[in-house]
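Chemist: what's the 3D shape of this:
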Amino acid sequence: MLGLRFPRPKRSPWELLRSALFSCALVLISQFALASVPWLFPSISLLAMLPIAALVMAVTILLGRFWRRLFDVSASAPALVLFNLLFMWGVYITVIRKAVPSLLDAVLNAECALLLYGLYRIFSSDPGAVSFSSSTVESGQNEFDTLNVQFENSPTLSRVRYCKNCKTGIKGFDHHCPAFGNCIGHKNHRLFIILLAGFLIAESSYTMSSTKFLTKSADAQRMEVSSA
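Modeler: Residues are numbered from 1 along each chain as shown. Alright, predicted model coming up:
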């Protein structure tokens, strides 16, 4: 039964390029749409902006689904995560950075750089794949369902599960993570937790930096109005 590892499903370079470009376009449209909310409604409170931002995001998602069917192209979840991170970092460097203290600036830049490295590591890492025989490949999904039952009854392979996305068995299988483009198993589970914590910290730092920037911008505008 053991002896052959399933390769990941491969896509042509053209399909990968189309998917990446479509993902990049979705990120740019959604981010600029969200950024337009405070510019279009500058007088309302932040709490009142939240439902408007949610509506804008919902419309963007619906447009993305329409374009996906129209152009027959699918977005890549890992590419969406990557481009969102790059967009956030780019906006921070070009717009927000000047209003942020040097310590927070160093922390946020380090976080973004480490997250990029972490994304590469978890996307290319081995989650704990095991091998199967070619007869198991040809027998289909029903054989894998039986195989999972056998794994549960085995003291040495009790935590091995078959992932239909990666088409292989994963030791210590937790789940398949579309956002990171890989299974989460015993070899990369710790990295997965670290990445989740890193994204939460980076988002918190970015929100804090954005708040400082907006506060300073509002103060500067009030000073200009009062001086005029």
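
Chemist: ok, residue 182 - contacts?
Modeler: Counting by Cβ atoms under 8 Å, 6 or more residues apart in numbering, residue 182 touches 122, 123, 125, 127, 166, 176, 188. Just so you know, the C-beta spots here come from the backbone N, C-alpha and C atoms, and that holds for glycine as well.

Chemist: let's see it at 10 Å
Modeler: Residue 182 makes contact with 8, 78, 121-127, 163, 165-166, 170, 176, 188, 191-192 under the criterion Cβ atoms under 10 Å, 6 or more residues apart in numbering.

Chemist: may I have the beta-bridge partners of it?
Modeler: For residue 182, the beta-bridge partners are residue 177 (DSSP bridges).

Chemist: still on that earlier bit, just the buried ones from the contacts of residue 182?
Modeler: 78, 122, 125, 127, 163, 166, 170, 176, 188, 191, 192 (16 or more other Cβ atoms under 10 Å).

Chemist: follow-up on the earlier one: return the subset of the contacts of residue 182 lying in strands.
Modeler: 163, 170, 176 (DSSP state E).

Chemist: any low-confidence regions in the chain?
Modeler: 1-11, 42, 46, 131-159, 218, 225, 227-228 (pLDDT under 70).

Chemist: does residue 92 really touch residue 203, like I thought?
Modeler: No. Here residue 92 does not reach residue 203: they are 11.6 Å apart, not a contact under Cβ atoms under 10 Å.

Chemist: ok, those two, which is more surrounded?
Modeler: Taking other Cβ atoms under 10 Å, residue 92 and residue 203 do not tie; residue 92 has more neighbours (21 against 12).

Chemist: tell me the contacts of the residue nearest the centre of the chain?
Modeler: With distances taken as Cα atoms, centre = their mean, residue 81 lies nearest the centre of the chain, 2.9 Å away. For residue 81, the contact set (Cβ under 10 Å, 6+ apart) comprises 23, 27, 115, 119, 123, 177, 178, 179, 180, 181, 195, 199.
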